[in-house]
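# Provided below are the primary sequence and the corresponding predicted coordinates.
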Amino acid sequence: LLGASSSEAGPLLRCFTEHWDSLTAEYQRTVQLLSLFPGPIGRQGARAVAAVELPELDSLTAAGILRREKGGAYRLNRLWRCFLRRLPAVATASDGGQARFVAHYVVFLERHLPALRSGQQLEALSQLKGERANLARAWQWAVASQNEAALTCLVEGLGHYCDMAGELDAGRQALRDVLARLPGLSAAVEAQLLEWKGWFCYQLGELAAAYQLLARVTSQFPADSPYAARARVRLAIVAAALGDEELAGEAARLSLARAEALGDWPTAAMALSVTGNVFLRQGDSDGAETLLQKSLALSRMVGDRWSMSFALSALARLWQAKGDSAVAVRFLEDSFALRSQLGDHRRAARVLNRLGRFVHQQGELLLAEKAYERAIRYCRHHELTVELTAAMMGLAETARVRGHFAAALSQLQAALQLAVNGQRQPQIVEILFTFTHLLAEIQAQPEPVAATSWDITPGSDVLAHFFMTQTQATGQPMSREQISQMVALFFTQNPYELSQL
């Protein structure tokens, strides 16, 4: 209401204006400075930004301008925030309020960053989550003022938080924006930002972009940089995902040596895990187990759940290769539990999907069905559409192998709708390719299979309708290449080219 025009706001606006005018100039300045906080206002933050102590905060609370929250922090009343937006931000602009705000959150992160890779990890993440809006505001102002010293600290705090909490898209977008806005950054700061961007690209499945960025920054960091070891182990992880075992092993070796020299044990643990994975792929399961157990022990020693989860997932792969499914499942469950504790729901869901694939490969189809159903519930609860689509595809495959064709079609149709809504072309191609083989299998059955039509109402899901039309017209399943072309053309919205395909 207070955001409306003066004539529309009427009596309420006059009431706030009279209250505001009754405050002393010093109180007005204090309130404007406190309005810099979009999130909670802690006592240390209030002291650093507005030079106020507990008595003033309690006085403003009694006046209804602030409200006290359960944890002891304060928050500006929403209506007062709307009112203050109408006023010129004299105090915040000319009194150095924004600079003090940024400086306060640099100090805040310097205090909490070491705990993010230690036994106090969950508490530190909780602190950062509570201050998420304020940290984003500090980042925004540090970028606007081109404060490289602040950016160096803020990118570490926001990077670790977005990584551990699974806010990968938000982290990558923030880095894209700052790199586009500030082309004249120093080489060291640019390398730090590009390293985080490369890591987020990897986590989002963009392996080529991740490799390009991380390979570039490993040569940009000075040899004594605290980020050099981390950049190399991240490059090793991406190289392993791309199948370049030689580069993965070499980058992990260099990372381990540097991390041990610095006492950076979480990075050292990650390097050991990567090297263990390389050994496993080369057939040295004993060497792999030694390295992975050492990685897990090191992670547990420092209390870093992130590197612990990474080591557990690698150990699950090892025991899967050894043929001990019970141990492999236990490691995957432990990895899932750690991811969930961190609030990293995206990667926790991926662990559940991996668990489903693993038990399916072992021929435990009922267990696979339960694992995928569990993943679907988890993904729906946390609104993870990419991982939900993958879980539905896995459940469809399990249903197909069990001969439950109607259930398989139903899951594929639901997965296709999600993938089309998100315009995720690789997933769409895989779903439609799977459907071609499922349809061929159904048609090859000696007896008709009931209730296996692709249920498409008129005008809904043009892509699925076109796919059905093509399949029925040719009488032959479409190849993955044909489907890929069709999907690409569909998203260019070129009906003529589609009709000629």
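Great, that's in hand.

# need the contact list for Gln320.
Shown in contact with Gln320 (C-beta atoms under 8 Å, 6 or more residues apart in numbering): Ala328, Phe358. From N, CA and C alone the C-beta is placed, and that goes for glycine too.

# quick one: secondary structure of the nearest residue to Ile65 once chain neighbours are set aside?
Using C-beta to C-beta, 6 or more residues apart in numbering and skipping residues adjacent in sequence, the residue nearest Ile65 is Trp80, 5.2 Å away. The three-state assignment at Trp80 reads helix, by DSSP: H, G, I helix; E, B strand; the rest coil.

# Tell me who's in contact with Trp80.
Trp80 neighbours (C-beta under 8 Å, 6+ apart): Phe16, Val31, Ser35, Gly64, Ile65.

# For Arg86, see how far away it is.
11 Å (C-beta to C-beta, to the nearest Å).

# and if you look at Leu439?
62 Å.

# between the two, who's got more neighbours?
The neighbour comparison of Leu439 against Arg86 (other C-beta atoms under 10 Å) goes to Leu439, with 18 against 14.

# where does that one sit relative to Leu409, distance-wise?
Leu439 is 9 Å from Leu409, by C-beta to C-beta.

# Need the CA coordinates for stretch 22-34. CSV is fine.
Output of stretch 22-34 as CSV, limited to C-alpha atoms (Å, rounded to 0.1, in the frame of the first residue of the first chain):
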residue,chain,number,x,y,z
SER,A,22,8.7,13.3,15.0
LEU,A,23,12.1,11.4,15.1
THR,A,24,15.3,13.3,15.6
ALA,A,25,17.7,13.7,12.7
GLU,A,26,20.0,11.2,14.4
TYR,A,27,17.3,8.6,14.7
GLN,A,28,16.3,9.2,11.1
ARG,A,29,19.9,8.6,10.0
THR,A,30,20.1,5.4,12.0
VAL,A,31,16.9,4.0,10.6
GLN,A,32,18.0,4.8,7.0
LEU,A,33,21.3,3.0,7.7
LEU,A,34,19.6,0.0,9.2
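
# Show me which residues of it are buried.
Tyr27, Gln28, Arg29, Thr30, Val31, Gln32, Leu33, Leu34 (16 or more other C-beta atoms under 10 Å).

# Over to stretch 61-70?
Ile65, Leu66.

# all strands of the stretch 251-400 of the chain, in order?
Using DSSP state E, counting those that start in this stretch, no strands are found in the stretch 251-400 of the chain.

# from the contacts of Trp80, which is closest to Tyr161?
Nearest to Tyr161 among the contacts of Trp80: Ser35, at 24.2 Å, using C-beta to C-beta.

# Flag the shaky bits of this protein, pLDDT-wise.
Applying pLDDT under 70 to the chain picks out residues 1-10, 89-95, 448-477, 493-501.

# Helices along the stretch 101-250 of the chain, start to end?
121-130, 132-144, 148-164, 168-181, 187-203, 207-220, 228-241, 245-262 (DSSP state H, counting those that start in this stretch).
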